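Q: next input, structure requested:
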Amino acid sequence: MSKWNYPLSSSLIHRTICLSLGAVLLASPLTVSAAEVNTKAVDISKNVVSKTTIKSVTAYLGSALAVGENHFLTLKEIDSKWGGIDPDYKPAQAVTAVKELLPQKEYEILFPNRLGSPEWFKVAKGKEYFKADQVDYFSYDNLIAAVTEVSNIKLKISTRKGNTSAQEIQRFDKEARIETLISRSSDFNSAENLKKEIDTVIVDFGTFLKEGFKKDRKRELAAFLANLAHETGGGWPTAPGGELKWGLFWNENIAGRTGVNMDAFVDPATSDLYPGVKDKRYYGRGPIMMSWNFNYGLFSSIIYGDKKVLLSKPEIISADGKVGFMTAILFWMTPQAPKPSAHDVIINKWKPGKEDIAKGLSQSGFGITIMVLNGLETNLGETEGSSVKRRAGHYRDITSQMGVDISGEKIDTLGMNPF
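A: Residues are numbered from 1 along each chain as shown. Model prediction:
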């Protein structure tokens, strides 16, 4: 189960499965105009972040939108506010990248027992979890559909300097040219926080598998699938065909699905922003076993522009493989200070700081993606019984099939401490 405390904040508390994504690309605060409030009105009609002076105190204003409000953008506004739309990161190009890196036939060879596949039906028949109408949840088509959908989205995270929990988050639909304010913490515009500058992160989900050398893009896809295969794995050391052939077998946390664990997984600290719905439970679902009300609410906002969709119907994630894969890609790509994104780590875009180096987080590679995704798997090697062993095993298996040499890459977490 993934626990992501205040969305994108630094106070992450990991639970069993904890994936987080993103690229921390700090831009200059979007302070573009100044005025004396007692003599001149502050112009926020064009939805720009403004800088105004109130009795000699500088105030930094965020979006003029209300949460849930949409705004159509001109091309000029898209360039100034979102850095434009890069044609290399549009859906068609993103899909081509996946197909070139891992064709469908090779994907299906890697995951023959995936949920809903013909082999899964042979194994599952007669078992407690068997469903006669189970679809091929982890199908290649669902992966491609998810890549198509997410690559049409950009995300902007604005954070007050010195207070990473004070945030507002905007979504931009490239095709529709519409931005939506999907989240704003209650204290973002408090009197104290208005004095603090705003750091802005923009994530283009179309960059998934599209940045870096081709070798690095292959490594990214392998690392992504290896981590998902571990989290959803149904294999065991003596499993037919080998343990690694049983990745993507589950798409729900077993204890949550069967009712052994009846926890609703609603975090009181975030229930005002992302309120749980009566009789709904937010246990782990999907490729990353996404859990907790704030994850369902936030990623519902990113996918649909409406937090209520997945909060009201969390079962959508385990019913729709496309949506499931979308949550996984969004986790992989979305930033969470002080962590880098798994995307940036694996393509060598991330540069460790002094604090990272002191924690043993200096060698970019698969090992650090584990620390980004699950800080509980600290200081583990590829030894029997270690969760890192199976993660690394999947990574070796997939990169080998893709013809990628990973010799010399650190793929365990020995010597590493959490971010």
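
Q: burial check on Met279, number of neighbours?
A: If you look again at residue 279, you'll see it is Asp, not Met. 6 (other C-beta atoms under 10 Å). From N, CA and C alone the C-beta is placed, and that goes for glycine too.

Q: again with Ser186
A: Ser186: 9 neighbours (other C-beta under 10 Å).

Q: could you do Leu65 as well?
A: A count of nearby residues for Leu65, using other C-beta under 10 Å, gives 18.

Q: name the element it belongs to?
A: Under DSSP states H and E, no helix or strand contains Leu65.

Q: roughly how far apart are it and Thr378?
A: Using C-beta to C-beta, to the nearest Å, Leu65 is found at 40 Å from Thr378.

Q: now swap in Asn152 and tell me
A: Distance of Asn152 to Thr378, computed by C-beta to C-beta: 36 Å.

Q: with Val147 instead?
A: The value you get for Val147 to Thr378, if C-beta to C-beta is used, is 31 Å.

Q: against Thr207, how distant is the nearest residue to Glu211 once chain neighbours are set aside?
A: Closest residue to Glu211 apart from its sequence neighbours, by C-beta to C-beta, 6 or more residues apart in numbering: Ile347 at 5.4 Å. From Ile347 over to Thr207 the distance is 9 Å, taken as C-beta to C-beta.

Q: who does Thr180 form a beta bridge with?
A: In this entry, Thr180 is beta-bridged to Asn70, Arg171, by DSSP bridges.

Q: that one: neighbour count?
A: Counted with other C-beta under 10 Å, Thr180 comes out at 23.

Q: dump the residue contacts of it.
A: Going by C-beta atoms under 8 Å, 6 or more residues apart in numbering, Thr180 touches Leu65, Gly68, Glu69, Asn70, His71, Gln170, Arg171, Phe172, Asp173, Gly305.

Q: go again using 7 Å as the cut-off
A: Listed by C-beta atoms under 7 Å, 6 or more residues apart in numbering, the contact set of Thr180 reads Glu69, Asn70, Gln170, Arg171, Gly305.

Q: so which of those residues wins on neighbours?
A: Compared across the contacts of Thr180, Gln170 has the highest neighbour count, 24 neighbours, by other C-beta under 10 Å.

Q: for it, give me its contacts.
A: By C-beta under 7 Å, 6+ apart, the contact set of Gln170 is Ser63, Lys156, Glu179, Thr180, Leu181, Ile182.

Q: the same query, at a cut-off of 10 Å, please.
A: By C-beta atoms under 10 Å, 6 or more residues apart in numbering, the contact list for Gln170 reads 47, 62-63, 65, 71, 81-82, 154-158, 179-184, 200, 202.

Q: excluding its backbone neighbours, what's nearest it?
A: Nearest to Gln170 is Lys156, by C-beta to C-beta, 6+ apart, at 4.4 Å.

Q: isn't there a strand covering that neighbour?
A: Yes. Assessed with DSSP: H, G, I helix; E, B strand; the rest coil, Lys156 lies in a strand.

Q: how about the contacts made by Asp204?
A: By C-beta under 10 Å, 6+ apart, the contact set of Asp204 is 23, 25, 82-86, 88-89, 150-151, 153-155, 172, 174, 210-211, 333.

Q: hey, where'd the strands end up in the stretch 301-419 of the chain?
A: With strands called from DSSP state E, counting those that start in this stretch, the stretch 301-419 of the chain shows none.

Q: what ranges do the helices span in it?
A: Ranges of helices in the stretch 301-419 of the chain, per DSSP state H, counting those that start in this stretch, are 308-312, 316-319, 321-333, 342-346, 354-358, 366-373, 387-401.

Q: and the average pLDDT for the third one is what?
A: If you average the pLDDT over helix 321-333, you get 97.

Q: that one vs helix 366-373, what angle?
A: If you take axes from the mean of the first three to the mean of the last three C-alpha atoms, to 10 degrees, helix 321-333 sits at 100 degrees to helix 366-373.

Q: wait, Ser318 sits on Tyr282?
A: No. Taking contacts as C-beta atoms under 10 Å, Ser318 lies outside contact range of Tyr282: 11.7 Å.

Q: low-confidence bits of the stretch 251-400 of the chain, can you list those?
A: The model of the stretch 251-400 of the chain has no residue with pLDDT under 70.

Q: identify the residues contacting Asp263.
A: Taking C-beta under 10 Å, 6+ apart, one finds Met1, Ala255, Gly256, Arg281, Tyr282, Tyr283, Ser291 in contact with Asp263.

Q: good, wrapping up.
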